[in-house]
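Enquirer: Take a look and give me a structure for this.
(one chain, ligands or ions: 1)
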Amino acid sequence: MTTAYPSSRVTAPLGAFVDGVREAVGRGLPPDVTAYLVGERLAPFLGAPDLLTPAQREGDPDGYRQHVLHAEPDGSFSVVALVWLPGQRTAVHDHVSWCVTGVHEGEEHERRYRLVPDGAASRLVAVEDVINPRGAVCGFAPPGDIHRVWNACGTKAISIHVYGADIVRLGSSVRRVYEAPVADEL
Ligand SMILES: [Fe+2]
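Expert: Numbers count the residues shown, from 1 in each chain. You can find the predicted model right below:
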């Protein structure tokens, strides 16, 4: 994954969305409830043609690309756009904080895993496949959020992600990449 910080320009819809996230986060509720509220606020903006600038929609042939759209000054949340060209995927990973994702364009495939701890024989077992079309919103909070995401459609896919963490400081929302053997059949 590569990260771009081109987003000095915030579009009016994105600014309105960020205001909504700030209000939801400011309530100080538990992570899963915060994620639910943020997901509610994200849904109306998905697919809006003026949400992102052309630069914020650019992909990268070397891997999926992260555009940082907003980092709240107090570090309480960040908003990014992930741009996936056909076939691009993440490693199996989990997250440092609560997270909300919404598909803005195209379609994303997600496979969720359960870690079976067994010392050196620890392994990951696939438990669920989810196909998220445009407009789909998912929210989750660690633990138990191990997954892999990829673009299996024939066109560019773009999703908006909100994390309860300062992505500029951390570089990414990934807590851990899993190297354990994977049982991928469902
Ligand atoms: Fe993820």
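
Enquirer: who does the lengthiest helix in the chain touch, helix- and strand-wise?
Expert: Secondary structure of the chain per DSSP state H: the longest helix is helix 12-25. Using 3 or more C-beta pairs under 8 Å, 6 or more residues apart in numbering; DSSP states H and E, the elements in contact with helix 12-25 are helix 31-42, strand 65-71, strand 78-84. Using the backbone N, CA and C atoms, a C-beta is placed for each residue, glycine as well.

Enquirer: List the contacts of the longest one.
Expert: For helix 31-42, contacts defined as C-beta atoms under 8 Å, 6 or more residues apart in numbering pick out 17, 20-21, 24-25, 27, 29, 77, 97-100, 102, 137-141, 160, 162, 164.

Enquirer: For ChimeraX, write the select line for the buried members of those residues.
Expert: Filtering the contacts of helix 31-42 down to the buried ones (16 or more other C-beta atoms under 10 Å) takes a single ChimeraX command:
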select :17,20,21,24,25,77,97,98,99,100,102,137,138,139,140,141,160,162,164
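
Enquirer: Can you name the residues that contact the residue nearest the centre of the chain?
Expert: The residue lying closest to the centre of the chain (C-alpha atoms, centre = their mean) is H161, at 3.8 Å. H161 is in contact with V79, V80, A81, L82, C99, V100, T101, G102, S173, counting by C-beta under 8 Å, 6+ apart.

Enquirer: Highest mean neighbour count out of the helices and strands packed on helix 12-25?
Expert: Across the helices and strands packed on helix 12-25, averaging neighbours per residue (mean count of other C-beta atoms under 10 Å) puts strand 78-84 on top, at a mean of 24.

Enquirer: Can you get me the centre-to-centre distance for it and its chain?
Expert: Relative to the centre of its chain, strand 78-84 is centred 7 Å away, using C-alpha atoms, centre = their mean, to the nearest Å.
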